[in-house]
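A.B. asks: Using only what follows, build the 3D model:
(one chain, ligands or ions: 1)
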Amino acid sequence: MSRIIIIGAGFSSLSAAAYLAKAGHEVHVLEKWEQPGGRARTFSAEGFLFDMGPSWYWMPDVFERFFGNFGKKVSDYYNLVRIDPSYKVVWQDGSQWDIPAGMKALAKLLEEKEKGAGKQLEKFLAQAKKKYELGIQELVYKPNLSFAEYLHLGLLKGLLESDVFTSMRKHIAKYFSDSKIIELLEFPVLFLGAGAQDIPALYSLMNYADIVGGTWYPMGGMHLIAKAMEAVAKEQGAHFHYGEEVISISTNGDKINGIKTSKGLWEGDFYLSGADYHHTENLLPKTLQQYDENYWQKRTMAPSALIYYVGLNTKMPDTVPHHTLFFDADFERHSEEIYDRPQMPTDPLFYLCAPSKTDSSVAPAGCENLFFLIPTAPGLDNDTEEVRQKYFDMLCTRLEKHYGMNIRPHIVYQRSFSVKDFKQDYNSFKGNAYGLANTLNQTAILKPRLVSKKVRNLAYCGQLTVPGPGVPPALVSGEVAANYIHQKLKRTNH
Ligand SMILES: Cc1cc2nc3c(=O)[nH]c(=O)nc-3n(C[C@H](O)[C@H](O)[C@H](O)COP(=O)(O)OP(=O)(O)OC[C@H]3O[C@@H](n4cnc5c(N)ncnc54)[C@H](O)[C@@H]3O)c2cc1C
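C.D. replies: All right, here's what the predicted structure looks like:
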């Protein structure tokens, strides 16, 4: 049995803690905040319960696999419901599409918009299914420490058939010509932190996840996933220490011999960091850092976000669903203002989540719990109160235009969260929200390594290493890191 110290209690760390404890190790998780979940923290105010980060529950099979590996089921911990319509899209011309759950219903809708699009969707998704299976069964569970992991014929063939060298934009355009359908199918790659022109077509697997896998919601809120994973890890024997921020790492040669937190010193045989990669590297002496500042400056970070948590003392109209994507602005311009000419968006696309439409427990009776998110360029520090208020006002006006309701007089709670908060709360590089973008040259083996090349007893997990951003990948990342550490410790007889 070895003693393993894990930094952070985000999804990736929770996953790793559970697997390492199951393998028989003594596991200690040190988390800065007083609760598990990391970017999926929660807070309550004025009777509202706000999830601070993720709100889309996709790839339910990945969660089921996690709990299944510990002899449990998702339903042992929370009640998962499928949302239908999955989401609504509000377009520039003012029209609104309710995206129905399931492929058949969506094919019918698309057929009404473009002749032949229903059949094309079936073809598109048949190929996306193969990619999803290849991704889930073969690709995501690789530690990506060497190209050799890819050297077997079946996998190489699968990769070539998956259009890894074509962009999502070109791939989708081969099937559809209606601009709204194209935008709709490009939407899921936004989760991967870059525009469709820069994301490999392999990721149409995300369309499969969206349309076939479905959009789900754990009744009670997204934070219940973290609580459930913490419970699993504790059942396996892992120990959690909250309110402990790691402030320095001490080394001896090429080994860590202890880490200092706000409360004391922790020593272990192996260390795993689920905190932001750049932050952890910066806690090490320069000679033991694998990537210098120049490397990080050249990375394409996934966007940051300007977020508002809002409580209303009334309900919004029934036409407002759980998830709305406001694509009523110029997609290209907003994308350029995130990636090419970083600046606050002129006329942003935004996302509205109203979880109280599905779950009455997250708001007082007769009230609405709202979460607004504008994707913004990482690294912009001018998110002052005035700037935040200006954008919020813009969103209220757009909401009124499309949903016919002025929410301003009904606001009983409002809090914003942006770049400065991401930096302060999560030690996030440039205040990124979702880590590193999954562009072609930042995919798989080209991501920051899961295992340190310079420190013998240090590994990483989470959204800045493999497989990438998002809650399901974080679960996978923790599992892969845990397997690596366990095998390595076994080899060295710990
Ligand atoms: C606003 C927002 C919306 C999102 N929406 C979705 C969505 O709908 N669906 C989806 O699948 N994904 C979504 N994501 C992405 C997803 O939430 C993340 O990819 C995932 O939660 C990352 O998990 P992680 O374990 O890598 O890191 P984190 O959640 O960032 O966990 C890292 C932990 O380390 C702690 N930490 C940092 N420094 C220290 C230190 N020095 N000492 C101790 N602890 C430290 C932090 O407090 C944090 O708890 C969203 C993210 C954000 C921010």
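
A.B. asks: C-alpha only now, for contacts and for neighbours.
C.D. replies: Will do.

A.B. asks: Flag every buried residue along the longest helix along the chain.
C.D. replies: The helix spanning the most residues in the chain, taking DSSP state H as the definition, is helix 471-491. Of the residues in helix 471-491, 471-486, 489 count as buried by neighbour count, 16 or more other CA atoms under 10 Å.

A.B. asks: The stretch 151-300 of the chain: strands as residue ranges?
C.D. replies: Using DSSP state E, counting those that start in this stretch, the strands of the stretch 151-300 of the chain run over residues 216-218, 239-242, 246-252, 255-261, 265-266, 270-273.

A.B. asks: that older thread, same question for the longest helix of the chain, mean pLDDT?
C.D. replies: Averaging pLDDT along helix 471-491 yields 97.

A.B. asks: now what about it, what contacts it?
C.D. replies: Taking CA atoms under 8 Å, 6 or more residues apart in numbering as the criterion, the residues outside helix 471-491 that touch it are 2, 11-17, 19-20, 23, 54, 58-59, 62-63, 66, 140-143, 270, 450-451, 459-463, 465-468.

A.B. asks: how about a cut-off of 6 Å?
C.D. replies: For helix 471-491, contacts defined as CA atoms under 6 Å, 6 or more residues apart in numbering pick out F11, S12, S13, S15, A16, L20, Y141, C461, G462, P467.

A.B. asks: how about it, does it reach the ligand?
C.D. replies: Yes: interface with the ligand: helix 471-491 contributes V471, P472, A474 (CA under 6 Å from any ligand atom).

A.B. asks: same question, stretch 37-45
C.D. replies: Yes: contact check for stretch 37-45 against the ligand, using CA under 6 Å from any ligand atom: residues in range are G37, G38, R39, A40.

A.B. asks: Give the helix, strand or coil label for the third one.
C.D. replies: By that I understand R39. Secondary structure, DSSP: H, G, I helix; E, B strand; the rest coil: R39 is helix.

A.B. asks: What count of nearby residues applies to it?
C.D. replies: As a burial measure, R39 scores 20 neighbours (other CA atoms under 10 Å).

A.B. asks: just the last one next, same as before
C.D. replies: Counted with other CA under 10 Å, the neighbours of A40 add up to 22.

A.B. asks: Can you check the distance spanned by stretch 126-142, start to finish?
C.D. replies: For stretch 126-142, the first-to-last residue distance is 24 Å (CA to CA, to the nearest Å).

A.B. asks: Flag the shaky bits of the stretch 251-400 of the chain, pLDDT-wise.
C.D. replies: For the stretch 251-400 of the chain, applying pLDDT under 70 flags no range at all.

A.B. asks: In space, what's closest to whichever residue of it sits closest to the ligand - neighbours in sequence excluded?
C.D. replies: Residue of the stretch 251-400 of the chain nearest the ligand, by CA to the nearest ligand atom: A275 (3.7 Å). Closest residue in space to A275, ignoring its immediate chain neighbours: G8 at 5.3 Å, by CA to CA, 6 or more residues apart in numbering.

A.B. asks: looking at it, that neighbour is touching E31, isn't it?
C.D. replies: Yes: with contact defined as CA atoms under 6 Å, G8 counts as touching E31 (4.5 Å).

A.B. asks: Tell me which of the two has more neighbours.
C.D. replies: The neighbour count for G8 versus E31, taken as other CA under 10 Å, is higher for G8 (30 against 26).

A.B. asks: Dihedrals phi and psi, the more buried one?
C.D. replies: phi 90, psi 150 (degrees, to the nearest 10).

A.B. asks: tell me the domain ranges of the chain?
C.D. replies: Residue ranges for the domains of the chain, per automatic domain parsing: 3-39+62-79+220-299+434-491, 102-212.

A.B. asks: So which of the ones you listed is the most surrounded?
C.D. replies: Burial of the domains of the chain is given as mean neighbour count (mean count of other CA atoms under 10 Å); domain 3-39+62-79+220-299+434-491 ranks first at a mean of 20.

A.B. asks: gap between it and the chain center?
C.D. replies: Distance of domain 3-39+62-79+220-299+434-491 from the chain centroid (CA atoms, centre = their mean, to the nearest Å) equals 15 Å.

A.B. asks: how far does it stretch from start to finish?
C.D. replies: The first residue of domain 3-39+62-79+220-299+434-491 is 15 Å away from its last residue (CA to CA).

A.B. asks: and D254, what does it touch?
C.D. replies: When contacts are counted by CA under 6 Å, 6+ apart, D254 is found next to V455, R456.

A.B. asks: What about it? Give its phi and psi, please.
C.D. replies: Here is the backbone geometry of D254 (degrees, to the nearest 10): phi -100, psi 30.

A.B. asks: So what touches the helix or strand encompassing L395?
C.D. replies: In this assignment (DSSP states H and E), L395 forms part of helix 385-403. Outside of helix 385-403, the residues within contact range by CA under 6 Å, 6+ apart are N406.

A.B. asks: Fine, thanks again, bye for now.
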